[in-house]
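Colleague: Quick check, what structure comes out for this input:
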Amino acid sequence: VLKDTLEKRGALAQIKARIRAEVFNALDDQSEPRPALSHENLLINELIREYLEYNKYKYTASVLTAESGQPEEPLDRQFLAKELNVIEDASGKSVPLLYGIISHFLHGGKEESTQKPLPKVSLMNYPKQNFVKPPTERNQK
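Modeller: Here you go, the predicted model:
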């Protein structure tokens, strides 16, 4: 009965995720130095962390931060957008940058040169219902 109650409240999944994160932290060998975090990996990890936190995968995000050597404090979103040459419109600022980047490439903005800035990232073409449905429901379409 207790398990069912915790499951219905969504607490059981959180408890399991928290245990996994704590086990990882306990097993993480601090004596083994991590390789230097490249600029590209720093940006990629930050895009992933923003996505994870937006979707409330906070324990997964904490493991990513610990394992990758990413700074504990998230990078400023404006800094991240500038580094990636992304110009956001108002609708894009309410979701992680990764959604806008994916939307851009899914909807035909495939420039050949990586030197050109991405055009305005808009979520107008991106189905809004995907941002509120669980990932399992999104994949069934």
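
Colleague: hmm, which helix or strand of this protein has the shakiest average pLDDT?
Modeller: When the helices and strands of the chain are scored by mean pLDDT, DSSP states H and E, helix 135-139 comes last with a mean of 41.

Colleague: Please identify the helix or strand for residue 65.
Modeller: Here residue 65 sits within helix 58-68, counting by DSSP states H and E.

Colleague: Quick check: buried residues in that helix?
Modeller: Neighbour-count burial for helix 58-68, counted by 16 or more other CB atoms under 10 Å, picks out 59-65, 68. C-betas here are computed from N, CA, C, even on glycine.

Colleague: which secondary structure element contains the residue most central in space within the chain?
Modeller: Centrality entry for the chain: nearest residue to the mean C-alpha point is residue 51, 2.1 Å, by CA atoms, centre = their mean. Secondary structure assigned from DSSP H and E places residue 51 in helix 39-54.

Colleague: Show me what that helix is in contact with.
Modeller: Residues from elsewhere that reach helix 39-54 (CB atoms under 8 Å, 6 or more residues apart in numbering): 37, 58, 60-61, 64-65, 68, 70, 74-75, 77, 80, 83-84, 95-99, 101.

Colleague: measure the nearest residue to residue 69 once chain neighbours are set aside to residue 72 for me?
Modeller: Spatial nearest neighbour of residue 69, chain neighbours left out: residue 34 (4.6 Å); criterion: CB to CB, 6 or more residues apart in numbering. Distance, residue 34 to residue 72, by CB to CB, to the nearest Å: 14 Å.

Colleague: which residues of this protein fall in helices?
Modeller: Taking DSSP state H, the helices of the chain run over residues 2-9, 11-27, 39-54, 58-68, 77-83, 97-106, 135-139.

Colleague: if we can go back for a sec, now do the same for the residue nearest to the centre of the chain: its pLDDT.
Modeller: As predicted, residue 51 sits at a pLDDT of 96.

Colleague: repeat for residue 123
Modeller: As predicted, residue 123 sits at a pLDDT of 44.

Colleague: just the one 10 residues further on next, same as before
Modeller: For residue 133, the pLDDT comes out at 36.
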